[in-house]
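S.K.: Pasted the sequence and its predicted model underneath.
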Amino acid sequence: MNSGWTRRIAVVGLMVVAITLMIWAGVHNARERRRQQQEQDAARVVLIPEKGGAAAAEEGADPAPKLQGKPAPAFTLVDLEGKKVSLADFKGKPVLVNLWATWCGPCKLEMPWFEEFSQKYAGQGLIILGVAADDAGKTVIASTAKKLGVTYPILLKDDKVEDAYGGADYIPESFYVDRSGKVMLATAGISDGGQGGKDEIEANIKRLIATSAD
Amino acid sequence: MHAALSFGLLLAGAAQSGMQLGELDVPRAKAKQFVVYASEAQTVPAGKPATLMLRFRVEDGYHINSHQPTSELEIPTTVELVPDAGVRLEKTQYPTGKIYVPAFDPSEKLDVYAGEFIVRLPVVAAAGSHSLHGSFKYQACDRAACYPVKTLPLDVLFVAR
């Protein structure tokens, strides 16, 4: 009897110890998983765009579309020869302000078209200004423009002009400034890039030229 | 008791302007920013050469230049990390890009990352928890336009045992 009871007590004791160990291990593992999850969550970097972001995500937060129908923001920038060029220099003329960059493929596709149109419509007063929204440096910007055959003025951006024209967060961007100094039309991106895109730009230029200075 | 390697990526959907885009055939995601991240527990053997996997995902409709773009004017994707004490970083291994022919110019061939891609980070780490801080630099485009280059913070945690 005695040895039977002893054995039973020993078995129950072992079971209690085993269950206690299992509970402890479960709790420990759960804590460990929680700690790891917290560690992972802490490490999960949310990479936030330098511009745009939550504010820009709000409908209408991008100021660029708001420019349509409004006076074009004034600017004075430096061209590749170091000469100051102001938008105000072209008062009364139709002006196309194009934001581009050396690393932007669709921008570089459009620029030879702009060159063609700047010559084709020069007699009607068309001015095209290319603003390089680019940190590549003057030498690279100049050589890129030259390779593309661009002879219209290329201006070097500053933060002020980028902000005034919507942040240059999605390029190419074109602002068609009519003879009265208002933004008749603002466009971003390129459509199909083929003749359609070029035709669309030319149609916009013709509309721009047709505006009056009043 | 697992090591953790976590990282996240927000590719700048950035502010897609609403300018006359109704006429343009471009992705017009309502969400003007988009988050893509991958997170996985990872353990490496202590004191031996091992490779950490950094998993990234580019949102559908966008692509970023690979580490070796086709033109010197294009800005390559790069990961730069500062070693933690006890971690020796070897040369980062970037995946091969995919050839992408943009709709706006079928004559052009770009070398890009799209969808998921993995950057491999060879390390030799002493036993313990490690935290690597650094940056992820990329320049994204969609089928119609491009976004400015972004240099963004990146943290990688892992345990060597």
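M.R.: The structure has been received and is ready for your questions. Numbers count the residues shown, from 1 in each chain, chains lettered A, B, ... in the order given.

S.K.: ok, B:E80 - how many residues close by?
M.R.: Other residues lying near B:E80 total 13 when counted by other C-beta atoms under 10 Å in any protein chain shown. C-betas here are computed from N, CA, C, even on glycine.

S.K.: Repeat that for the one 4 residues further on.
M.R.: Residue neighbour count, defined by other C-beta under 10 Å, stands at 19 for B:D84.

S.K.: cool, B:E59 as well?
M.R.: Residues near B:E59, counting by other C-beta under 10 Å, number 22.

S.K.: How about B:R55?
M.R.: 16.

S.K.: So for it, what's the pLDDT?
M.R.: pLDDT, B:R55: 85.

S.K.: Next up, phi/psi of it, please.
M.R.: The phi/psi pair for B:R55 (degrees, to the nearest 10) reads phi -100, psi 130.

S.K.: what's the answer for B:H67, then?
M.R.: According to degrees, to the nearest 10, B:H67 has phi -70, psi -20.

S.K.: what's the answer for the one 4 residues further on, then?
M.R.: The phi and psi torsions at B:S71 (degrees, to the nearest 10) take the values phi -120, psi 150.

S.K.: How much space separates it from A:V140?
M.R.: 12 Å (C-beta to C-beta, to the nearest Å).

S.K.: what does A:P112 give?
M.R.: Relative to A:V140, and taking C-beta to C-beta, A:P112 is found at 18 Å.

S.K.: List the contacts of B:E90.
M.R.: B:P49, B:L121, B:P122, B:V123, B:V124 (C-beta atoms under 8 Å, 6 or more residues apart in numbering or on different chains).

S.K.: Kindly indicate whether whichever residue of chain B sits closest to chain A is helix, strand or coil.
M.R.: Nearest to chain A in chain B, going by C-beta to the nearest C-beta, is B:F104, at a distance of 2.6 Å. Judged by DSSP: H, G, I helix; E, B strand; the rest coil, the three-state class of B:F104 is coil.

S.K.: number of nearby residues for it?
M.R.: 23.

S.K.: Next one, pLDDT for it please.
M.R.: pLDDT, B:F104: 80.

S.K.: these two touch, right, it and A:K108?
M.R.: No. Between B:F104 and A:K108 there is no contact under C-beta atoms under 8 Å: 10.3 Å.

S.K.: how about low-confidence regions in chain B?
M.R.: Residue ranges of chain B with pLDDT under 70: B:1-41.

S.K.: So which residue is dead centre in it?
M.R.: Chain B has B:F56 as the residue nearest its centroid, 5.0 Å off, counting by C-alpha atoms, centre = their mean.

S.K.: Over to chain A?
M.R.: Chain A, centroid-nearest residue using C-alpha atoms, centre = their mean: A:D169 at 2.3 Å.

S.K.: Surely it is within a strand?
M.R.: No. If the criterion is three-state DSSP, then A:D169 is coil and not within a strand.

S.K.: Map the structural domains onto the sequence of chain A.
M.R.: With domains defined by automatic domain parsing, chain A comprises A:1-45, A:64-209.

S.K.: now check the longest one, is it near chain B?
M.R.: Pointing back at domain A:64-209 there. Yes. Against chain B, domain A:64-209 shows contacts by C-beta under 8 Å from any C-beta of the partner chain at A:64-65, A:68, A:101-107, A:109, A:133, A:135-136, A:140, A:144, A:166-173, A:185-194, A:197, A:200.

S.K.: are any of these buried, and which?
M.R.: A:64-65, A:68, A:101-107, A:109, A:133, A:136, A:140, A:144, A:166-173, A:185-191, A:193, A:197, A:200 (16 or more other C-beta atoms under 10 Å in any protein chain shown).

S.K.: Keep only those of those that are in strands.
M.R.: A:E173, A:L185, A:A186, A:T187, A:A188 (DSSP state E).

S.K.: Isn't the last one up against A:D169?
M.R.: No. In this structure, A:A188 is not within contact of A:D169 by C-beta under 8 Å, at 9.2 Å.

S.K.: okay, now residue 141: neighbour count?
M.R.: All of this refers to chain A. 22.

S.K.: Not quite, go with chain B.
M.R.: Residues near B:C141, counting by other C-beta under 10 Å: 25.

S.K.: distance of it from B:K150?
M.R.: 12 Å.

S.K.: again, but for A:A168
M.R.: 13 Å.
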